[in-house]
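**Student:** sequence? don't have it. structure:
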């Protein structure tokens with residue numbers, strides 16, 4: 001199973017290298033649209049290879065998706081925690097009631113034994 005995982009990861013790595021080699025051309029990234037940048041006098045441009053833009057876009061999408069899913073499942077994790085706390089509380093209560101029942105029986109037996 002471990003070798004299958006290495007094979008799949010190697011296959012993905014080769015695919016990423018092929019995509020990077022096929023998209024080596026430089027592109028210009030603008031922080032804001034050019035006309036707006038000229039209007040306010042603040043126009044940041046960066047020239048980077050296209051594969052970096054692609055990989056950063058995929059990485060940002062994955063990161064946003066992971067955070068979104070983590071936030072979405074937070075209510076389910078909190079519900080599970082509260083259910084666990086309730087189960088622990090009920091187990092303590094059952095244990096307490098069992099020990100009280102045993103003590104009451106012991107008191108009754110002690111009274112009966114003391115009266116004879």
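**Tutor:** Done, it's in. Just so you know, these numbers come straight off a predicted model, no measurement behind them. Residues are numbered from 1 along each chain as shown.

**Student:** can we go C-alpha only for contacts and neighbour counts from here?
**Tutor:** Will do.

**Student:** shaky segments in the chain?
**Tutor:** Residue ranges of the chain with pLDDT under 70: 101-107, 113-116.

**Student:** host element of the most centrally placed residue in the chain?
**Tutor:** By C-alpha atoms, centre = their mean, the chain has its centre lying nearest to residue 70, at 4.1 Å. Counting by DSSP states H and E, the element that carries residue 70 is helix 50-115.

**Student:** thinking again about what came up before, please tell me how far the residue nearest to the centre of the chain sits from residue 78.
**Tutor:** Per C-alpha to C-alpha, to the nearest Å, residue 70 is found 12 Å from residue 78.

**Student:** what do you get for residue 7?
**Tutor:** 38 Å.

**Student:** same question for residue 61.
**Tutor:** 26 Å.

**Student:** likewise residue 35?
**Tutor:** Using C-alpha to C-alpha, residue 35 is found at 48 Å from residue 78.

**Student:** kindly report the same for residue 33.
**Tutor:** Taking C-alpha to C-alpha, one finds residue 33 at 43 Å from residue 78.

**Student:** what do you get for residue 1?
**Tutor:** Separation of residue 1 from residue 78 (C-alpha to C-alpha): 34 Å.

**Student:** neighbour-wise, which of these two wins?
**Tutor:** Here residue 1 and residue 78 are compared on neighbour count by other C-alpha atoms under 10 Å; more neighbours surround residue 78, at 11 against 6.

**Student:** right, I'll leave it there.
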